[in-house]
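# okay, structure incoming, though there's no sequence with it:
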């Protein structure tokens, strides 16, 4: 089977010849090839990243830029982003007022830390609600087709929705502390904002449903240490369930990017009809072993991930790394709903030989 055919087989409930290998190499690529890092993302095919995936033999599934554009249908509303002197800024301008966010580039980690959140308090929420009611989606499937053509049998591009309403607050634009205070002090206002963001996202989804993609991802960065079962039931469950329902009606699939503590979360996602839990990180970074993740998830949820970022580091021995890969691959015996991937991105400090080793160990030990 070709690499992307293995991915497709797992989503379709079939058993591939071996566990598929998917990687997000974008961060490693930018840091190690000295590529300027702009949070606006790639505007077209990045040939160097394509070549890197071909060298490793890993399927590319994310970080290919956005396959649509968003714009307001109201001339008095503007959504602006720019990068200036290593500061990525977002500005929302509406008749109700303006909001501004700043993220500053750190060359050591090759990442952007948030210097100023977009939202300071629930008093800012009406501006976001006003924007969400007016955003319109224009698909740009030529970008999707261009990546597919460049990557060939290593292409399985995920379409992506913006953050859900709860993710918009806690994972991105307000932060954990202020969001928790807002939930306690102004629960009705939080619910209204969450509903406004989710309604906008469902309109975006409807505009995308007829597109060529097979799987859509929601990148909410879920973490059950902070986003508890009560949080999930109140703000997340109905939304994920509805997104999954609309996708399944079109023969498409839903992945959710976890990238945090997954204890408890996997069963919640499976109950919503989510097909794949992406960016799963087992011990020693988080609580669960691969076997415990499979037990939590049940047999049908696809587990995608397996390698903690710390184990890509040079100080970890090849034997330790290979043992971690093997433990993840061993869960295929309990269920073939499995992808081999990094816990999130391949970290930029990972030796290239370690990345190649991941592909080799997967090929040697991941066959059915």
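Great, that's in hand. For clarity, every value in this text was computed on a predicted model and none was experimentally measured.

# in the lowest-mean-pLDDT helix or strand in the chain, what's buried?
Least confident helix or strand, the chain: strand 78-84 with a mean of 91, by mean pLDDT, DSSP states H and E. By 16 or more other C-beta atoms under 10 Å, the buried positions in strand 78-84 come out as residue 83. (Glycine included, C-beta is placed from N, CA and C.)

# after that strand comes which helix or strand?
Under the assignment DSSP states H and E, the closest C-terminal helix or strand after strand 78-84 is strand 87-94.

# surely residue 267 is in contact with residue 296?
Yes - applying C-beta atoms under 8 Å as the test, residue 267 and residue 296 come out as touching, 5.5 Å apart.

# those two: which has the busier surroundings?
Comparing residue 267 with residue 296 by other C-beta atoms under 10 Å, the one with more neighbours is residue 296, at 20 against 15.

# show me what contacts residue 296?
Going by C-beta atoms under 8 Å, 6 or more residues apart in numbering, residue 296 touches 262-264, 266-267, 288.

# can you do 7 Å?
Residues near residue 296 by C-beta atoms under 7 Å, 6 or more residues apart in numbering: 266-267, 288.

# that older thread, could you give the angle of the least confident helix or strand of the chain to strand 87-94?
Orientation check (axes from the mean of the first three to the mean of the last three C-alpha atoms, to 10 degrees): strand 78-84 against strand 87-94 gives 160 degrees.

# what is strand 78-84 packed up against?
strand 68-72, strand 87-94 (3 or more C-beta pairs under 7 Å, 6 or more residues apart in numbering; DSSP states H and E).

# would JSON lines of the ones you listed with mean neighbour count be doable?
As requested, those are exported to JSON lines (neighbours: other C-beta atoms under 10 Å):
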{"stretch": "strand 68-72", "mean neighbour count": "15"}
{"stretch": "strand 87-94", "mean neighbour count": "18"}
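
# take the ones you listed and write them to CSV, including distance to residue 109.
Converted to CSV, the helices and strands packed on strand 78-84 look like this (distance: least, C-beta to C-beta, whole Å):
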stretch, distance to residue 109
strand 68-72, 28
strand 87-94, 15
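
# okay, those strands in JSON lines with mean pLDDT and distance to residue 186 next?
Shown next, in JSON lines, are the helices and strands packed on strand 78-84 (pLDDT from 0 to 100; distance: least, C-beta to C-beta, whole Å):
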{"stretch": "strand 68-72", "mean pLDDT": "95", "distance to residue 186": "26"}
{"stretch": "strand 87-94", "mean pLDDT": "95", "distance to residue 186": "20"}
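
# residue 154 is nearest to which of these?
For residue 154, the closest of the helices and strands packed on strand 78-84 is strand 68-72, at 22.9 Å, according to C-beta to C-beta.

# give me the sheet partners of that closest one and which way each runs.
Note on strand 68-72: by DSSP bridges, its sheet partners are strand 135-139 (antiparallel).

# mean confidence for the strand or helix carrying residue 178?
Under the criterion of DSSP H and E, residue 178 resides in helix 176-185. For helix 176-185, the mean pLDDT works out to 97.

# those strands in the stretch 251-368 of the chain, which residues are they?
253-257, 276-280, 302-307, 338-342 (DSSP state E, counting those that start in this stretch).

# what angle do the last one and strand 276-280 make?
Angular relation of strand 338-342 and strand 276-280 on a 0 to 180 degree scale: 30 degrees, by the same axes, to 10 degrees.

# buried stuff in strand 338-342?
Quick answer for strand 338-342 (16+ other C-beta under 10 Å): 338-342.

# just give me the closest of those to residue 37.
Residue 37 has its nearest neighbour among the buried residues of strand 338-342 in residue 342, at 18.0 Å by C-beta to C-beta.
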